[in-house]
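# Next one to model:
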Amino acid sequence: MELNLSRPLLFFDIESTGLNIVSDSIIELSFVKILPGSEQRIKTWKVCPWDYENNCQKPIAPAASAVNGVHDEDLVGCPKFFEIVGEVIEWLQDSDLAGFNSAKFDLPMLAEEIERARSFAGIKTDINLHEKVMVDVQNIYHALEPRNLKAAYRFYCQGKDFDNAHTAEADTVATYEVLKGQLDMYPDTLKNDVEFLSGFAGRPRTVDYAGRLYLNDKNEAIISFGKHKGKTAREVYRTEPSYFNWILQGEFTLDTKRQFMLLRDQFNRERSEERMKEEPSKSQLEQLVLKFGER
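Residues are numbered from 1 along each chain as shown. So this is what the prediction gives:
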């Protein structure tokens, strides 16, 4: 079954130097964009992982190389992420997103690389990945047939195996085929609709990709860890604003820091607006002076 799309759906997959969102980097990024009408466009980048602080290539962890088959010497001369970020954002700009386990790893890693390009390389970007609809094919798969991508491909694609597993492009194309197979197999359970697929199997309502902040039923940002666990971010900022500074200076992902910073700015604006409402305006004070001065 082909996908019922009103706008492009961008399948993507990442290979990286390791699994730590804060300290690791992208080494391969593949996009498969499906346009309404099922036209496919594919783009894959090999990326030189860059250490911005030391201005050098970042090494790949041996455990990562054992899985993805990429070694440090394979990436010498490849573009750094900040050199391709403009093109990456062009591919992302008008699309919803899809991937296999991408909501937990690939999407946060992509967001972190964009933040690094913005923070350390001075690249101006206005994209907000948090606004994107995200279909995680693994969530659907695990809810209905809990296994891995290779087993999912075999299960939903007529018993076939796919070659080159753990290369970004092969995994990305396989994920696209699996989603189409899921729609064919569960027509009474799944709707051929991106919004429905995005919410299937209970996608968590997190504010940041690391899950340090989540939304409650009132759409309030709630802190999920540490001494303020369960409190609203607004309450914590009102009683202990230095906690936000601790987050911004601590070892958290750049995306987490950005969301705390945006909340801080929002709370400051709200406080300023409240003060303006409470304090009489200059013209009101002048009128009072005139009024009582005449008596």
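# C-alpha only now, for contacts and for neighbours.
Noted.
# any idea of the mean pLDDT for the longest helix along the chain?
Ranked by residue count and defined by DSSP state H, the top helix of the chain is helix 254-278. For helix 254-278, mean pLDDT rounds to 91.
# For that helix, which residues meet the burial criterion?
Leu254, Asp255, Thr256, Lys257, Gln259, Phe260, Met261, Leu263, Arg264, Phe267 (16 or more other Cα atoms under 10 Å).
# residue contacts, the fifth one?
When contacts are counted by Cα atoms under 8 Å, 6 or more residues apart in numbering, Gln259 touches Val207, Asp208.
# residues near Ala117, how many?
A count of neighbours around Ala117, defined by other Cα atoms under 10 Å, yields 22.
# Can you report phi and psi for it?
phi -60, psi -40 (degrees, to the nearest 10).
# can you pull the contacts of it?
Phe81, Phe82, Val85, Ile123.
# so which of those is the most crowded?
In terms of neighbours by other Cα under 10 Å, the contacts of Ala117 top out with Phe81 at 25 neighbours.
# okay, stretch 113-122 in CSV with CA atoms only?
Extracted in CSV, the C-alpha atoms of stretch 113-122 (Å, rounded to 0.1, in the frame of the first residue of the first chain):
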residue,chain,number,x,y,z
GLU,A,113,24.2,18.6,15.4
ILE,A,114,22.0,21.5,14.2
GLU,A,115,22.4,23.2,17.6
ARG,A,116,26.2,22.7,17.4
ALA,A,117,26.2,24.3,13.9
ARG,A,118,24.2,27.2,15.3
SER,A,119,26.2,27.6,18.6
PHE,A,120,29.8,26.9,17.6
ALA,A,121,29.9,27.6,13.8
GLY,A,122,27.6,30.6,13.9
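# buried residues in that stretch?
Buried-residue list, stretch 113-122, by 16+ other Cα under 10 Å: Glu113, Ile114, Glu115, Arg116, Ala117, Arg118.
# would you turn these into JSON lines with distance to Leu149 and secondary structure?
What follows is the buried residues of stretch 113-122, written out as JSON lines (distance: Cα to Cα, whole Å; DSSP: H, G, I helix; E, B strand; the rest coil):
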{"residue": "Glu113", "distance to Leu149": "25", "secondary structure": "helix"}
{"residue": "Ile114", "distance to Leu149": "27", "secondary structure": "helix"}
{"residue": "Glu115", "distance to Leu149": "29", "secondary structure": "helix"}
{"residue": "Arg116", "distance to Leu149": "30", "secondary structure": "helix"}
{"residue": "Ala117", "distance to Leu149": "31", "secondary structure": "helix"}
{"residue": "Arg118", "distance to Leu149": "33", "secondary structure": "helix"}
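# picking that back up, can you lay out the buried residues of helix 254-278 as TSV showing distance to Leu190?
As requested, these are exported to TSV (distance: Cα to Cα, whole Å):
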residue	distance to Leu190
Leu254	35
Asp255	32
Thr256	32
Lys257	36
Gln259	33
Phe260	35
Met261	38
Leu263	36
Arg264	39
Phe267	40
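# Show me which of those residues is closest to Gly37.
Asp255 (34.2 Å; Cα to Cα).
# Roughly how far does that closest one sit from Glu113?
Separation of Asp255 from Glu113 (Cα to Cα, to the nearest Å): 10 Å.
# all strands for the stretch 1-150 of the chain, in order.
9-16, 26-34, 40-46, 50-51, 56-57, 96-99, 134-136 (DSSP state E, counting those that start in this stretch).
# Dump these into TSV; add mean neighbour count, distance to Val194 and mean pLDDT as well.
Output for the strands of the stretch 1-150 of the chain, formatted as TSV (neighbours: other Cα atoms under 10 Å; distance: least, Cα to Cα, whole Å; pLDDT from 0 to 100):
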stretch	mean neighbour count	distance to Val194	mean pLDDT
strand 9-16	27	8	98
strand 26-34	24	12	98
strand 40-46	16	17	98
strand 50-51	18	34	96
strand 56-57	13	38	96
strand 96-99	27	8	97
strand 134-136	26	7	95
